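A.B. asks: Here is a sequence with its predicted model. Questions after.
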Amino acid sequence: MQKEAKLALEDGTILKGEGFGYQTIKTGEVVFATGMTGYVESLTDPSYKGQILMSTYPLQGNYGVSKEWFQSNGIKAEGYVVKEQNPYPSHSHSENSLSGFLEEYKIPGISNIDTRSLTLKIRKYGALNGALSTEEIDDEELLAMAQNQPGIEYIDLVDKVSVTQPKILGEEYKDRAVVLDCGIKNNSINALLRREIGVVLLPYNTSPQEIMDYEPGALLVSSGPGDPSRVSETIQTVQKLSERLPIFGICLGQQIISMAFGAKIYKMKFGHRGINQPVKDLKSGKVSITSQNHGFTIDHKACEDLPINVTQINLNDGTVEGIEHQELPISSVQYHPEAGPGPHDTDYYFDNFVENLKKY
Ligand SMILES: NC(=O)CC[C@H](N)C(=O)O
């Protein structure tokens, strides 16, 4: 028999369900993702640090858990909310159940939640802070935890997921990129290694000089959690290196790069999280289906007098999905070309990166 679990939301809602995973209490911004699959990749994506993830698709856990699908060294989301979790997974590579996986990384899960109605609430009122408990706790106490936590824009999260020491991968390759690690996903690193590009993974706050000391052919600013305004050092580093290296960015990386050129960022009502977000490239007219996970975005209107052009937009809501510098070899995307989870339509982004790196 499962133990009762509760999810309290800052607006006063308390939802009761069944606990799975680890017995503990965690707080975070409650966000929804629409992917039918990909829970291992999403839960281990460092961009979910500080957030309680909820799946809109009602049944998760069917194919279990394999380390092959991890995007970092463990679960980074603060909790997981589902309608139903399958305790009896079936997959030839599976090493664990969803519940066992959450237990291993000390993360609480709650099932039997009407995730579709909670999604409608979030779509109406915006992402809400929440507290998830798989322990015994009074409703009032849990509610106070949901209400007393600061909004995600007031928390430093990148320092909790970035490497603290340089890490070199693919040393045997002659070409090398520096990646500023704000919370990179394994698939992004693998996309470069697959193209025979060595990767120097550096902490997000590495100085421009130290980056140049590695003699990279290009710089990639990674995806990562939280509000880009919290990583002003990284924004300044991009400013300082903009005329010295080709610079590419993914998701948080795009927000950081655009801020380096004066763009404004705002928090979206409930963000884009899913694996079927349509993105149109404004030059070619081509539409790609993309993997996304972000809650902040670039203010398109405020880009007009800046030295950057908007190159891609989201076809659902018209928000900015890609930018490039008007003169320098600098470009970025808001979505995840590395996929994991999601479609590989935009894998070509890494080919552009390598082409620029080799030219430099
Ligand atoms: N995946 C990401 O890099 C997310 C970027 C940023 N934390 C956001 O929510 O917008």
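C.D. replies: Sure, I can see it.
A.B. asks: contacting residues for residue 44?
C.D. replies: Each residue near residue 44 by CB atoms under 8 Å, 6 or more residues apart in numbering is listed here: 69-76. In this view, the C-beta of every residue, glycine as well, is placed from N, C-alpha and C.
A.B. asks: and the closest residue in space to residue 329 that isn't next to it in sequence, what does it touch?
C.D. replies: Spatial nearest neighbour of residue 329, excluding adjacent residues (CB to CB, 6 or more residues apart in numbering): residue 246 at 4.0 Å. Applying CB under 8 Å, 6+ apart, we find residue 246 in contact with 217-219, 329-330, 353, 356-357, 359-360.
A.B. asks: so of the residues you listed, which ones are in strands?
C.D. replies: If you go by DSSP state E, these have 218-219, 330 in strands.
A.B. asks: give me phi/psi at residue 41?
C.D. replies: The phi/psi pair for residue 41 (degrees, to the nearest 10) reads phi -60, psi -40.
A.B. asks: ok, it - how many residues close by?
C.D. replies: Residue 41 is flanked by 24 other residues according to other CB atoms under 10 Å.
A.B. asks: nearest residue to it other than its sequence neighbours?
C.D. replies: Counting by CB to CB, 6+ apart, residue 41 lies nearest to residue 341, which is 4.2 Å off, once chain neighbours are set aside.
A.B. asks: Okay, domains of this protein per the record?
C.D. replies: Annotated domains of the chain cover 4-149, 159-359 [automatic domain parsing].
A.B. asks: and the first one, how far apart are its ends?
C.D. replies: End-to-end distance of domain 4-149: 23 Å, with CA to CA, to the nearest Å as the criterion.
A.B. asks: Helix or strand: which one has residue 8?
C.D. replies: strand 4-9 (DSSP states H and E).
A.B. asks: Report the strands that pair with that strand, each with its relative direction.
C.D. replies: Partners of strand 4-9 in the sheet, by DSSP bridges, are strand 14-21 (antiparallel), strand 128-133 (antiparallel).
A.B. asks: Describe which strands the longest strand along the chain pairs with in its sheet and in which direction.
C.D. replies: Scanning the chain for the strand with the most residues, using DSSP E, yields strand 265-281. In the sheet, strand 265-281 lines up against strand 287-298 (antiparallel), strand 308-314 (antiparallel) (DSSP bridges).
A.B. asks: Turn those into a markdown table, columns for mean pLDDT and distance to residue 157.
C.D. replies: Below are the strands paired with strand 265-281 laid out as a markdown table (pLDDT from 0 to 100; distance: least, CB to CB, whole Å):
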| stretch | mean pLDDT | distance to residue 157 |
| --- | --- | --- |
| strand 287-298 | 98 | 12 |
| strand 308-314 | 98 | 24 |
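A.B. asks: what's the most buried one of the ones you listed?
C.D. replies: Ranked by mean neighbour count under mean count of other CB atoms under 10 Å, the strands paired with strand 265-281 are led by strand 287-298, which reaches a mean of 22.
A.B. asks: May I ask you to confirm that residue 13 is in contact with residue 121?
C.D. replies: Yes. If you go by CB atoms under 8 Å, residue 13 and residue 121 touch, sitting 7.5 Å apart.
A.B. asks: gap between the residue nearest the centre of the chain and the ligand?
C.D. replies: Centrality entry for the chain: nearest residue to the mean C-alpha point is residue 47, 3.1 Å, by CA atoms, centre = their mean. Using CB to the nearest ligand atom, to the nearest Å, residue 47 is found at 3 Å from the ligand.
A.B. asks: Right, I'll call it a day here.
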